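Student: need coordinates for the below:
(2 chains)
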Amino acid sequence: MSTTVTEVPHRKREIIDKACIRFCGDSGDGMQITGSQFTNTAAIYGNDLATFPDFPAEIRAPAGTLPGVSGFQVNFSSSDVYTPGDAVDVLVAMNPAALKVNLPDLRTNGILIVNLDDFKENDLRKAQYPVSPLEDHSLDGYRLFAVELTKLTRAALKELGLDAKTMDRCKNFFALGMCYWLYNRSMDTTLRYLEDKFKSKPALVAANRLAMQAGYSYCEATEAFQISYEIPPAKLTPGVYRNISGNTALAMGFVAAADKAGIPLFLGSYPITPASDILHELSQYKDFGVITFQAEDEIAAVTSAIGAAYTGALGITTTSGPGMALKTEALGLAVAVELPLVICDIQRGGPSTGLPTKTEQADLLQALFGRNSEAPIPVLAPSSPGDCFWVALEASRIAIKYMVPVIILSDGYLANGAEPWKIPTTAELPEIPVHFETNPEDFHPYRRNATTLARPWAIPGTPGLEHRVGGIEKQDVTGNINYDPLNHERMVRLRAAKVEAVADEIPDVVPEGDTSGELLIVAWGSTHGPITAALKTARAKGQSVGHVHLRHLNPLPRNLGDVLKRFKHVLVPEMNMGQLLMILRAKYLVDAQGYNKIQGKPFKQSEIEQRIDEILE
Amino acid sequence: MTTATLPVYTKKDFQTDQEVRWCPGCGDYAILAATQAVFAELGVRRENFVMISGIGCSSRFPYYMNTFGFHTIHGRAPAIATGVKLVRPDLDVWVVTGDGDSLSIGGNHTIHMLRRNVGLKVLMFNNKIYGLTKGQYSPTSEMGKKTKSTPYGTADRPFNPISLAIGSEATFVARTVDVFQQHLKDTLKKAAAHQGAAYIEVLQNCNIFNDHAWENLTEKDARSEQVVQLEHGKPLIFGKNRDKGIRMNGFDLEVVHLGNGNGFTEKDLLVHDEHHPRAAYAFMLSHMEQRPGFPTPIGVLRSWSDVPRYEDVITQQIRDVQNKKGKGDLAKLLRAGDTWEVRA
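Tutor: You can find the predicted model right below:
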């Protein structure tokens, strides 16, 4: 159904560098799908991008209410994108509640598209608007487009003979079609998606397709939209790309690690927001022989993974903050029996149940110290969704090489956010050698490798290697139960030295930007995006700023102390109360300062820029 | 998997060089001896045994068995053992635990392991006390018992471990006694032969913190009067003169005296059926010892083979997918989905 329209002389097509769109509505309005589809289309078109899905905590709060608002933001550009965007250029708000929650983030003169049909008295009341914002001039600072989305969608679908509820569920695709017109995008990727997703329900393929095309045609036909935009493809490094979210990247990284190592992959996990998707994803990979076990609780999840590692598999467990807390005793056991185990903590707002769908990075101290006695564990943190793949590989490699549990600290924002990711060839993946002990002659379960201090991996079923391991302190080399005071101290120091030995393989840190000067920003995890963007702006202004982003939180890179000394100020932005800050101050005796935001939201680029200005003025 | 001939093992092959540190007189010595003797006869290569324990006196067991052994954390042995079995379903994995380890902190893992029917053999040593921590009450201690932590008596009813196992739909449930050496060995062998999860409660005496706990069953003459030894296909008869039996009376069990003009003969008695499809039957038997006048049943209460082992279902799923889709190709996986190319 295409309408030929004569080119309107005053219609403009503007080429711009970037744009930020936020789709928001009720949980039932399909905003996540709409946002993901726009994202995929932008990615395949070649833009660099970053996304920020914002889920409400409840599965389905009452329709039209403020707690039920769900949103999806995508920032896409012809140049490098580091964040999902501080301010929104286009806000698509499907109802008054969505408008109320999200309007503060729309920039002045931004485009505001609302569904006029859902701005009735009832809807306004649920959103606590005494007067309709469409009538009280409160929206005069924006380019408002109040569209009869519901009516127009139903009109487009009337030939299909569907009931009203089904037709209304396609409203989001009408809005998507509008945005495709606004940014001169092809609808092909979404058409392919519809054909695949609804292949057993052709009526739904047709309904959503028609709705999307109607939205597109609506913009083409009306004179309301004077300008459309063009954002050319970005100059990404040549290669083959896909759009990837952090959780998917972690899952694929583990499959790759086990494949390179030539051993089975075992995941013991328990559903918890925002980590459950890793369990879902890995359970699909049975063709790779991946064993996924949904355990009865968090403790069974980690202990089954320990049992699997004991038996010669790569043992993985995935969780969030509350689950990490439950696993601490078992992590101590993993430290004592020195087996390869990788623990993923997808951090979320706390304490306790906290904010399950909001991001935070306040589990660092828990990862470093959250066990009884001295139980050191290497800790790694990815800095972007695509980086999760490489961190999963690196953590697995370290776990196997040093026979040690390893913790990965990701967060909800990375887990669900997406970006274009350059797909590696299998040749680019690190080697992960595995040696299972087989020689019974002079075998001792705790005789260590001279460099790595790793003990042998002697798995059940190997003749002549029958031995016992356990949580009780053991004698160096023989592994027999031993309470001797000097032996205990020796073992505590050996376990610490083994974790420290991992630093042999950590490359020296080299700051982005200035390598010495006025201000060094030191950070970890998902703050990478906003800091990188702010750094560019600061240096373009002539400010003397460098940025070190740590992937290894334990052990730390050996030259970090030297690098810190080369700057007058050290700033540590963190989504917590100052945890890396505490470590840096204690270890390096440097007067580092924190910038702490604990709001369940990532930092904005502008917030970092402002703090840089304040420090350097 | 090696096809070399199986070595001929003796009990000595399963003994370690570690000094055994249980208290003199502990019931665990007898269980250890029986297990070492039985393992030698099971026809399994020694390297394929794995003993996994939790925390407690019971859980020191692996250190004294010359097999692969893993002394883990309190209550969690079933979960660790499940991980072992999922990676290597062919290994012979035994869980050694106690009443505190498996029914207090380990309760959750116990019921799920049994529900899932993971192919583990569970030896639960029930001494009705916390021995290692020196004398607190356990979930199987009798109500009103005075212990270190309950000087005025426990306030809670105990678990019946057998009833709990049956209630968790366990496919093999048995009870034996540390000092009934032959019965203990026979029960171990039967458990070893069962494919799915096999749960054995071993009544064990802690002579230091709860001596005489099972004396009513084990002292001279007590066995014949206070214990009914279940055997599949045989009637439930007990008593020194084999003069008492159990029969069904309506929906309940009843102790009856045989002969002497009472009118009851062996033909009236319940004939034990290990393979009864309904767990309710075994559940009724399991409650007998809590009732005045009833004997304590030992032997195999339930042995049900119609449920697949959890690890076999999981392994088969993987095999089915691999047969259908072929083995996973990492290069293909990385390129899957919507991709696009950026040219120089």
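Student: quick one: stretch A:35-55 near chain B?
Tutor: Yes: against chain B, stretch A:35-55 shows contacts by CB under 8 Å from any CB of the partner chain at A:40, A:43-44, A:46. C-beta coordinates here come from the backbone N, C-alpha and C atoms, glycine included.
Student: per-residue pLDDT, the residue of the stretch 51-200 of chain A found nearest chain B?
Tutor: Here the residue of the stretch 51-200 of chain A nearest chain B is A:Thr189; by CB to the nearest CB that distance is 6.6 Å. Note on A:Thr189: pLDDT of 93.
Student: in three-state terms, label it for me.
Tutor: Of the three states, A:Thr189 takes helix according to DSSP: H, G, I helix; E, B strand; the rest coil.
Student: domain map for chain A?
Tutor: With domains defined by automatic domain parsing, chain A comprises A:12-230, A:242-422, A:512-616.
Student: could you pull out the strands for the stretch 201-350 of chain A?
Tutor: Under the criterion DSSP state E, counting those that start in this stretch, strands of the stretch 201-350 of chain A are mapped to A:227-230, A:239-245, A:265-269, A:291-294, A:314-319, A:341-347.
Student: let me have those in TSV, extended by mean neighbour count, distance to chain B and mean pLDDT.
Tutor: As requested, the strands of the stretch 201-350 of chain A are exported to TSV (neighbours: other CB atoms under 10 Å in any protein chain shown; distance: least, CB to the nearest CB, whole Å; pLDDT from 0 to 100):
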stretch	mean neighbour count	distance to chain B	mean pLDDT
strand A:227-230	15	18	93
strand A:239-245	21	5	94
strand A:265-269	29	6	98
strand A:291-294	22	5	98
strand A:314-319	30	7	98
strand A:341-347	30	10	98
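Student: kindly reformat those strands as TSV containing distance to A:Ile21.
Tutor: Formatted as TSV, the strands of the stretch 201-350 of chain A follow (distance: least, CB to CB, whole Å):
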stretch	distance to A:Ile21
strand A:227-230	11
strand A:239-245	15
strand A:265-269	34
strand A:291-294	35
strand A:314-319	31
strand A:341-347	26
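Student: for stretch A:113-130, buried residues please.
Tutor: Buried positions in stretch A:113-130, judged by neighbour count with 16 or more other CB atoms under 10 Å in any protein chain shown: A:113-115, A:117-119, A:123-124, A:126-127, A:129.
Student: now do the contacts for A:Ala301.
Tutor: With contacts defined as CB atoms under 8 Å, 6 or more residues apart in numbering or on different chains, the neighbours of A:Ala301 are A:268-270, A:293, A:295, A:317, A:319, A:323, A:327.
Student: number of nearby residues for the residue of the stretch 201-344 of chain B found nearest chain A?
Tutor: For the stretch 201-344 of chain B, the residue closest to chain A is B:Gly328, as judged by CB to the nearest CB, at 3.4 Å. Using other CB atoms under 10 Å in any protein chain shown, the number of residues around B:Gly328 comes to 17.
Student: assign it to helix, strand or coil.
Tutor: Under three-state DSSP, B:Gly328 falls in the coil class.
Student: which one of the domains of chain A lies closest to B:Val342?
Tutor: The closest of the domains of chain A to B:Val342 is domain A:12-230. By CB to CB, the value is 6.5 Å.
Student: enumerate the residues of the stretch 1-150 of chain B near chain A.
Tutor: For the stretch 1-150 of chain B, the contact set with chain A under CB under 8 Å from any CB comprises B:2, B:16, B:18, B:45-48, B:50, B:52, B:62-63, B:66-73, B:76, B:79-84, B:86-88, B:90-91, B:108-109, B:112.
Student: which one of the domains of chain A lies closest to B:Asp156?
Tutor: Comparison of the domains of chain A against B:Asp156 by CB to CB identifies domain A:242-422 as nearest, at 23.0 Å.
Student: so where's the chain uncertain?
Tutor: Looking at chain A here, since you left the chain open. A:1-10, A:57 (pLDDT under 70).
Student: chain B was what I was after
Tutor: B:1-3.
Student: what ranges do the strands span in the stretch 101-250 of chain B?
Tutor: Assigned by DSSP E, counting those that start in this stretch, the strands in the stretch 101-250 of chain B fall at B:121-126, B:172-177, B:198-203, B:227-229, B:237-238, B:244-249.
Student: give me the buried positions along the last one.
Tutor: Read it as strand B:244-249. Buried residues in strand B:244-249, defined by neighbour count with 16+ other CB under 10 Å: B:244-247.
Student: packing partners of that strand?
Tutor: Here strand B:244-249 touches strand B:237-238, strand B:252-257, going by 3 or more CB pairs under 8 Å, 6 or more residues apart in numbering or on different chains; DSSP states H and E.
Student: contacts for that strand next, please.
Tutor: By CB under 8 Å, 6+ apart, the residues outside strand B:244-249 that reach it are B:228, B:235-238, B:253-258, B:264, B:266, B:268-270, B:288, B:294-295.
Student: now the buried members of these.
Tutor: Buried, going by 16+ other CB under 10 Å: B:228, B:235-238, B:253, B:255-256, B:258, B:264, B:268-270, B:288, B:294-295, out of the contacts of strand B:244-249.
Student: which of those sits closest to A:Ser304?
Tutor: B:Met288 (35.7 Å).
Student: skipping adjacent residues, who's closest to the closest one in space?
Tutor: B:Phe294 (4.2 Å; CB to CB, 6 or more residues apart in numbering or on different chains).
Student: tell me what the residue of the stretch 451-600 of chain A found nearest chain B is bridged to.
Tutor: The stretch 451-600 of chain A approaches chain B most closely through A:Gly470 (2.9 Å), counting by CB to the nearest CB. Using DSSP bridges, the bridge partners assigned to A:Gly470 are B:His71.
Student: how about the helices and strands packed on strand B:244-249 in JSON lines, adding distance to A:Arg154?
Tutor: Shown next, in JSON lines, are the helices and strands packed on strand B:244-249 (distance: least, CB to CB, whole Å):
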{"stretch": "strand B:237-238", "distance to A:Arg154": "79"}
{"stretch": "strand B:252-257", "distance to A:Arg154": "67"}
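Student: so which of these is nearest A:Gly28?
Tutor: strand B:252-257 (54.7 Å).
Student: which other residues reach that closest one?
Tutor: With contact meaning CB under 8 Å, 6+ apart, strand B:252-257 is reached by B:243-248, B:262, B:264, B:268-270, B:284-285, B:288, B:293-295.
Student: what about residue 103, how many neighbours?
Tutor: Just so you know, I chose chain A. Neighbour number of A:Leu103 under other CB under 10 Å is 18.
Student: other chain: chain B
Tutor: Counted with other CB under 10 Å, the neighbours of B:Leu103 add up to 23.
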